[in-house]
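In: Here's a sequence, model it:
(chains A and B)
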Amino acid sequence: MKYSQSLKKNRDFQTVYRKGTSYANKYLVMYALGNQSEENRLGISVSKKVGNSVVRHRLTRLIRESYRLHEELFHSGWDLVIVSRAAAKDCGYKEIESALLHLGRLHRIVDTERKKKNENDND
RNA sequence: UAAGCAGAAUAUGUAAUCGCGGCUGACAGAACCGAAAGGGGUCAGGUGAGGAAAGUCCGGGCUUCACAGGGCAGGAUACCGGAUAACGUCCGGCGGAGGCGACUCCAGGGACAGUGCAACAGAAAUAAACCGCCAGGAGACUGGUAAGGGUGGAAAGGCAGUGUAAGAGACUACCGCCCCGGUGGUGACAGCGGGGGCACAUGUAAACCCUAUCCGAAGCAAGACCGAACAGAAAACCAUGUGGCUGCCCGUCACGUUUUCAGGUAGGUCGCUUGAUCCUGCCGGCAACGGCAGGGCUAGAUAGAUGAUUACACACGACAUAACCCGGCUUAUCGUUCUGCUUACAAA
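Out: Now for the predicted structure:
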């Protein structure tokens, strides 16, 4: 991903869960916390309750792909944790994509209208 | 052709665009991150999950720790021979059970080493007379009897005959069982001959147990190397200072600074894929498998890479995602194809 890192340490996940704000819809839960940097960091969590390994991997890839294709819509400087809920296990790409963008708008870190990262598009 | 039996192969495909993990080559060999170790750029090419990758149920390699030798405990296995690195796996047999057959299935050592258990029913369960039958007696009843009834998973080999008062391996034939001998086979065992009238007298070892054989423990988050932080040891420095012994001086100790050594957390690198390897051919073997020759290299991530979109095709796509590596077992599964064989019918 061009503008983002992935969130790796369990410690970082715990920080976002504890101090961040959260919104949820039918398929996903999104936690967000400002990280005082130029970049976003994205963490994806799919519980074993959702399904077996094949289902969990597919959901992780769908969420990552949705974020990648709309990366320029997100404001920068946030740690995001996306948690998949059990209802998401039969979803296709389109449903995950719209659910992700919906949660981003609730957090007010997604611009509905235009691309915003012009300062980063200079390079 | 129909019904079946055994085995094997395959596991949506094609094209385009965007994206991801290794690898190779070229150009840089910088910037940047980090104390260091180390990481890291751009472009191109090529490559990138399974038959079960699953369950983690067995067996081995590998690694670290432990280990003179022996025994106990605990666990596993249990007809015979072979294969193998090894196995509880596989192959070929034996015995038993099922099927017309191809073929399938088997928790298949020991109950004269010992202990336990066997409900209910039944007269009685390891010990026999309830009914019946026979004899005696007027009768009550006494005696004989395991052929018949009834109970039960099991009632003292089965069945037929002789025999008898009625009966009984009491006697006889056949079958079964036990013992002995020799034959074939590496062996489990098979079949042959002779003998015993059948005794210990039931079942249960998936009850404890006995016998024989095997087993050290933990696992790649193993482990090896580098190594901030942080404890430690030694040496040097007393230039200044603080505190204790002590109110002061000397002395000494601790704190202090530098260097070296050893340990080692976070972090990093390796382990990490060339192997009991795969493919083809020939040879040995009924087979599992082994030998020889030639050829191939086919993921290696470390929060964890295979996805998204579009188009087309049809059978409309099941189960399921490597995590050190192999050999098995078990379980899940949409379909398609092939090979060999059996039975029935038809044809010849």
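
In: Which residue comes closest to residue A:83 once chain neighbours are left out?
Out: residue A:29 (4.2 Å; Cβ to Cβ, 6 or more residues apart in numbering). For the C-beta atoms, the positions are set from N, CA and C on the backbone; glycine is no exception.

In: What backbone torsions are found at the one you found?
Out: Main-chain torsions, residue A:29, degrees, to the nearest 10: phi -120, psi 140.

In: In contact with it, which residues?
Out: Residues in contact with residue A:29 (Cβ atoms under 8 Å, 6 or more residues apart in numbering) are A:22-23, A:82-83, A:85, A:103.

In: now it: how far from residue A:22?
Out: Distance of residue A:29 to residue A:22, given as Cβ to Cβ, to the nearest Å: 6 Å.

In: ok, residue A:31 - contacts?
Out: Applying Cβ under 8 Å, 6+ apart, the residues contacting residue A:31 are A:16-17, A:20-22, A:80-81, A:83.

In: Next: residue A:19.
Out: Counted by Cβ under 8 Å, 6+ apart, residue A:19 has contacts residue A:33.

In: so what's the residue lying closest to residue A:48 once chain neighbours are set aside up against?
Out: Excluding the flanking residues, the one nearest residue A:48 by Cβ to Cβ, 6+ apart is residue A:56, at 7.4 Å. Counting by Cβ under 8 Å, 6+ apart, residue A:56 makes contact with A:46, A:48, A:50, A:84.

In: how near is residue A:56 to residue A:75?
Out: Residue A:56 is 28 Å from residue A:75, by Cβ to Cβ.

In: right, and the secondary structure at the most centrally placed residue in chain A would be what?
Out: Nearest to the mean C-alpha position of chain A, counting by Cα atoms, centre = their mean, stands residue A:82 at 4.7 Å. Under DSSP: H, G, I helix; E, B strand; the rest coil, residue A:82 falls in the strand class.

In: Write down the beta-bridge partners of it, one by one.
Out: With DSSP bridges as the criterion, residue A:82 is bridged to residue A:30, residue A:44.

In: Now do the contacts for it.
Out: Applying Cβ under 8 Å, 6+ apart, the residues contacting residue A:82 are A:28-30, A:42-45, A:63, A:67, A:100.
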